[in-house]
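A.B. asks: here's a sequence, model it:
(4 chains)
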2 protein chains.
Amino acid sequence: MNRDDILKLDNQICFAVYACSREITKLYRPYLDEMGITYTQYVTLLALWEEDDMTVKRLGERLYLDSGTLTPLLKKLEAAGLVERIRDPRDERNVRIRLTGPGVRLKEQASGLPGRIVSRTGLSGEQAQSLHAGLNALLRNIHQPTREE
Amino acid sequence: MNRDDILKLDNQICFAVYACSREITKLYRPYLDEMGITYTQYVTLLALWEEDDMTVKRLGERLYLDSGTLTPLLKKLEAAGLVERIRDPRDERNVRIRLTGPGVRLKEQASGLPGRIVSRTGLSGEQAQSLHAGLNALLRNIHQPTREE
DNA sequence: CACCAATGCATTGCATGCAATTTAATTGAG
DNA sequence: CTCAATTAAATTGCATGCAATGCATTGGTG
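C.D. replies: Have a look, this model is predicted:
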């Protein structure tokens, strides 16, 4: 690849990931609209359906998001009646996020979603598997909770 | 994969793409800060370095962004002196985006960036190649400029 | 025990993304 | 030519993301 090709848009993995991420979100939108939630709220619920009663910090580690994003988002989920935000009496710095009844029940409605999306991607099981593995490897490699020189 | 596993965060390609995209942006940030631009401004410049003098519409098709995102972003790039926004005299609905001298010269500074980032990803050439191909396939499959039933 | 650094969350400010609407220019049917 | 439909940008409103900062609680030290 010559000097000029290096900077071409279609040669950038970063751009492919960036564009894919937004296009995937658009695929989800109509379904999530019906459920009354946004994409970020959806992945937050995915995390909670898997492990309820997390602190904001733990949720942030799981989702790679910080309190600046999560606090307002969780307040909206609380206003929508899907989660509760409870300050931990044993350590009042922690706020624990717990699913409400409606929050738990929404899982049922979401269970068909991944299948519908995957079929829309037109990827074979193998392709999807391989892509997923590559992304996870990349994620592991670049995510540095604390930077060292 | 049973019914419960289907909704696990780590089984969602969508989440892997979403998280990867944001982590990659963070990798770029320190370098782009030095250049005085943001990540979205960077990919916009990538597109323009490859093909100068595009309309907003064409730029949007290239970047999968709409005028709602591009108009303010291009105004910032114009304020920074990197591009010009010129209404096409032949069809005044079109606004053409052209690189200025400084905008062209910034390409030099950017040319080392992809290499530095790729090395930070820790992926082999093969892995990167395969990942990129998978993402492009996915992008082609899901991007529908106009929806059909 | 008093104090201070560390921790967890909230807030602020800025830059996206994108749907929906508006505005201005152009095109095309009659 | 005339006016309605189409098209390209711009604008508006809402929801992220994230760095930087603020604030309250807690833990460790002397």
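A.B. asks: ok, longest helix in chain A?
C.D. replies: Longest helix in chain A, counting residues (DSSP state H): helix A:13-35.
A.B. asks: can you show me the strands along chain A?
C.D. replies: A:54-55, A:83-87, A:95-99 (DSSP state E).
A.B. asks: re the thing from before, from the contact counts, what lies against the longest helix of chain A?
C.D. replies: helix A:39-50, helix A:101-110, helix A:113-121, helix B:13-35, helix B:39-50, helix B:113-121, helix B:125-142 (3 or more C-beta pairs under 8 Å, 6 or more residues apart in numbering or on different chains; DSSP states H and E). C-betas here are computed from N, CA, C, even on glycine.
A.B. asks: now the strands of chain A in TSV, with distance to DNA strand D, mean neighbour count and mean pLDDT?
C.D. replies: Below are those laid out as TSV (distance: least, C-beta to the nearest atom of the strand, whole Å; neighbours: other C-beta atoms under 10 Å in any protein chain shown; pLDDT from 0 to 100):
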stretch	distance to DNA strand D	mean neighbour count	mean pLDDT
strand A:54-55	13	18	98
strand A:83-87	8	15	98
strand A:95-99	11	18	98
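A.B. asks: select, out of these, the one closest to residue B:67.
C.D. replies: Nearest to residue B:67, of all the strands of chain A, is strand A:83-87, at 35.6 Å by C-beta to C-beta.
A.B. asks: and chain A, which of its residues are near DNA strand C?
C.D. replies: A:18, A:22-23, A:25-26, A:29, A:55-57, A:60, A:67-68, A:70-72, A:74, A:85, A:93-96 (C-beta under 7 Å from any atom of the strand).
A.B. asks: low-confidence bits of chain A, can you list those?
C.D. replies: A:1, A:144-149 (pLDDT under 70).
A.B. asks: residue nearest the centroid of it?
C.D. replies: Among the residues of chain A, the one closest to the centroid is residue A:43, at 3.7 Å (C-alpha atoms, centre = their mean).
A.B. asks: how about that one: what's its closest non-neighbour residue?
C.D. replies: residue B:15 (5.6 Å; C-beta to C-beta, 6 or more residues apart in numbering or on different chains).
A.B. asks: for the one you found, what are its contacts?
C.D. replies: A:43, A:46, B:9 (C-beta atoms under 8 Å, 6 or more residues apart in numbering or on different chains).
A.B. asks: now flag whichever of those residues is closest to residue A:104.
C.D. replies: residue A:46 (13.0 Å).
A.B. asks: mind checking how far the residue lying closest to the closest one once chain neighbours are set aside is from residue B:28?
C.D. replies: Excluding its sequence neighbours, the residue lying closest to residue A:46 (C-beta to C-beta, 6+ apart) is residue B:9, at 5.0 Å. From residue B:9 over to residue B:28 the distance is 25 Å, taken as C-beta to C-beta, to the nearest Å.
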